[in-house]
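Peer 1: no letters, just coordinates:
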Ligand code: HEM
């Protein structure tokens, strides 16, 4: 097709490749997650966060082990954010620890880890849209029940930029095919896990009575 060695295309275009080859998987999760209907009530939102917790609790330690770079990875951890939100929504620490955990094949090398992290870090971008909607709908804020979706807050853009730079370097040293395959698999695992039947969590009232029910129906995108 072209005179350019395939490897050069793959290396320079890892981000283009990831975006193109996971497009379908992204569309599928956007569609099946049904986040808008799940965050119309506090209980639905809490069940969704519980599901995310069950994923992050298994994935984050595996990523930390494989990457072995706390300066890079620790600011990207969001398990603590999920726990903070779930506590605010009425779960105590014992109830959080008892939540179901995802069963999945964990990343065991750097390429697999960067593929999985691409998905987690990329989700902070769409998360900005969702956080705004949750704020409008449930009256929550980053400091008050919406820490997970707020993600890196104002740092989300710069963090994503730094992640992309690092990913490009990693792809140069590693195997882009493995990175892409891992990203695709992570999307699929997430979709299946997050879109499983809702958890049978009994409704718990807000400690301070705030954030009850729909407040306003805003626009869906930004
Ligand atoms: C758990 C579910 C989701 C995951 C794992 C996920 C993952 C990703 C990833 C990996 C990217 C980066 C794409 C790239 O530039 O290479 C991304 C971007 C984005 N996602 Fe999602 N996403 C999820 C759900 C959603 C939902 C529900 C929405 C709709 C509100 C959404 C909207 C976006 C937007 C607006 C971008 C930025 C696109 C751009 O700037 O080019 N995502 N997401």
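Peer 2: Perfect, I can see it now. All of these numbers come straight from a predicted model, not from anything done at the bench.
Peer 1: mind listing the helices for the protein?
Peer 2: Ranges of helices within the chain are 6-12, 14-21, 23-33, 35-38, 42-67, 70-73, 79-88, 93-97, 110-138, 147-150, 156-173, 176-194, based on DSSP state H.
Peer 1: ok, residue 145 to residue 82 distance?
Peer 2: For residue 145, the distance to residue 82 (CB to CB, to the nearest Å) stands at 11 Å. Placement of C-beta: from N, CA and C, glycine included.
Peer 1: those two: which is more packed in?
Peer 2: Just comparing residue 145 and residue 82: by other CB atoms under 10 Å the higher neighbour count belongs to residue 145, 27 against 24.
Peer 1: pretty sure residue 37 contacts residue 47?
Peer 2: No - with contact defined as CB atoms under 8 Å, residue 37 does not reach residue 47; the gap is 11.8 Å.
Peer 1: more crowded one of the two?
Peer 2: Set residue 37 next to residue 47 and count neighbours by other CB under 10 Å: residue 47 wins out with 17 against 9.
Peer 1: that one reaches residue 38, doesn't it?
Peer 2: Yes - using CB under 8 Å, residue 47 is in contact with residue 38, at 7.3 Å.
Peer 1: common neighbours of these two, please.
Peer 2: Residues touching both residue 47 and residue 38 by CB atoms under 8 Å, 6 or more residues apart in numbering: none at all.
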